[in-house]
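A.B. asks: Could you work out the structure for the sequence below:
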Amino acid sequence: MKEYLKLIRVKHWLKNILVFLPIFFSISMTNLNLLGICLIAFLVFSITSSIVYVINDIEDVEKDRLHPIKKERPLAKGTITITQANITACFLSIIDICLMIFLYMNNRRIGVFIIPVAYLLLNILYSKKLKNIPILDVVVIVVGFILRVMYGGVVIDVEVSKYLYLMIMFGSFFLGFGKRRNEILKNGEKSRKVLERYNKEFLDKNMYVSFGLAIVSYTLWCVDPTTIERIGNDYIFWTIPIVIMILQLYSLHIEENSHGDPVEVILSDKKILLASAFYMIVVVFILYVL
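C.D. replies: Presented below is the predicted three-dimensional model:
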């Protein structure tokens, strides 16, 4: 069972928390019906992403066996066969379809099917071709994060602020370029074909441009009259320094001894976890108490 959990990358389900952003910032978390719908949407995207991971591992099994980190993955290590991986992907697909049908029966919005399928097809295309094309390889990562937020809005029929989308977009570019940067430093340009087209200086510049734009976008969201009207006060403005600190802590971590994987960075750095927890406490107080 442990090997199967590693195969479907349960730890990386953390990324799908973005599905909850629309319900959280629309101040609807106390609506248990909507919260339940978002939990199912979270499972849909988590299972969809797991299917993507399984397909990618099947596609890259030979390359992974030569990689210093990826050689420990179940398929590369041989603890799970390709046949077993294909059966797992089929089983997950059946569960995923059933959950999407349930969501569709709830709100009759075709987006509950289109968005996860688009994510799946985009990542299959990434695995086959796009991962070897510079910039587009990071764009696919960015689109994946945006689709998660979009899905959270679709399932509960809430419009997401464009500034929030911009914050997610630029933040995702920051994470994506940071991951490529550290892959070059840790594993060399030969570890991933696309890295032959990148260099540290280019990735550094684009990483920190994205860093700045993410902060600007979050700031614009905080001072947007629509945001202030929805929340009922303008205190969310005071969370901007906390967001800057979290991004700076993340940047500091990947500038040190890190492979740059966002989930690994967040889960392994107590300062980032504490700062994120503090941010959540402050925002919950502003949105749901004041």
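
A.B. asks: low-confidence ranges in this protein?
C.D. replies: 188-191, 259-260 (pLDDT under 70).

A.B. asks: Show me what the longest helix seen in it is packed against.
C.D. replies: Counting by DSSP state H, the longest helix found in the chain is helix 32-59. In this structure, helix 32-59 packs against helix 2-7, helix 21-25, helix 74-77, helix 82-107, helix 111-128, helix 136-156, with contacts taken as 3 or more Cβ pairs under 8 Å, 6 or more residues apart in numbering; DSSP states H and E. In this view, the C-beta of every residue, glycine as well, is placed from N, C-alpha and C.

A.B. asks: Dump those into a markdown table; add distance to L203 and mean neighbour count as well.
C.D. replies: A markdown table is the format used below for those (distance: least, Cβ to Cβ, whole Å; neighbours: other Cβ atoms under 10 Å):
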| stretch | distance to L203 | mean neighbour count |
| --- | --- | --- |
| helix 2-7 | 28 | 15 |
| helix 21-25 | 27 | 22 |
| helix 74-77 | 26 | 20 |
| helix 82-107 | 32 | 15 |
| helix 111-128 | 19 | 18 |
| helix 136-156 | 9 | 21 |
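
A.B. asks: mind putting these in TSV, distance to F173 included?
C.D. replies: Conversion of those to TSV gives the following (distance: least, Cβ to Cβ, whole Å):
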stretch	distance to F173
helix 2-7	28
helix 21-25	17
helix 74-77	29
helix 82-107	28
helix 111-128	16
helix 136-156	6
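
A.B. asks: Which among the ones you listed is found nearest to P225?
C.D. replies: helix 21-25 (15.2 Å; Cβ to Cβ).

A.B. asks: Using PDB, list the CA coordinates for that closest one.
C.D. replies: Only the C-alpha atoms of helix 21-25 are listed here, as PDB (Å, rounded to 0.1, in the frame of the first residue of the first chain):
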ATOM      1  CA  LEU A  21      -9.600  29.500  -2.300                       C
ATOM      2  CA  PRO A  22     -12.900  30.700  -3.900                       C
ATOM      3  CA  ILE A  23     -15.000  29.400  -1.000                       C
ATOM      4  CA  PHE A  24     -12.600  30.700   1.500                       C
ATOM      5  CA  PHE A  25     -12.300  34.200   0.200                       C
END
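
A.B. asks: And that helix, what does it pack against?
C.D. replies: Using 3+ Cβ pairs under 8 Å, 6+ apart: helix 21-25 touches helix 32-59, helix 136-156, helix 162-187.

A.B. asks: mind redoing it with 6 Å?
C.D. replies: When contacts are defined as 3 or more Cβ pairs under 6 Å, 6 or more residues apart in numbering; DSSP states H and E, helix 21-25 sits against helix 136-156.

A.B. asks: Tell me which other helices or strands the helix it packs on touches.
C.D. replies: Going by 3+ Cβ pairs under 6 Å, 6+ apart, helix 136-156 lies up against helix 21-25, helix 32-59, helix 111-128, helix 162-187.

A.B. asks: closest to G153 out of those?
C.D. replies: helix 21-25 (4.1 Å).

A.B. asks: Let's have the helices and strands packed on helix 136-156 in CSV, adding distance to L103.
C.D. replies: As requested, the helices and strands packed on helix 136-156 are exported to CSV (distance: least, Cβ to Cβ, whole Å):
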stretch, distance to L103
helix 21-25, 14
helix 32-59, 6
helix 111-128, 4
helix 162-187, 21
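
A.B. asks: quick one: which of those helices is nearest K11?
C.D. replies: From the helices and strands packed on helix 136-156, taking Cβ to Cβ, the stretch that ends up closest is helix 32-59, at 10.7 Å.

A.B. asks: and the helix or strand that comes right after the closest one, what does it pack onto?
C.D. replies: Heading C-terminal from helix 32-59, the first helix or strand you meet, by DSSP states H and E, is helix 61-64. Counting contacts by 3+ Cβ pairs under 6 Å, 6+ apart, helix 61-64 is packed against helix 74-77.

A.B. asks: For the helix it packs on, name the packing helices and strands.
C.D. replies: Checking 3+ Cβ pairs under 6 Å, 6+ apart, helix 74-77 ends up next to helix 2-7, helix 61-64.
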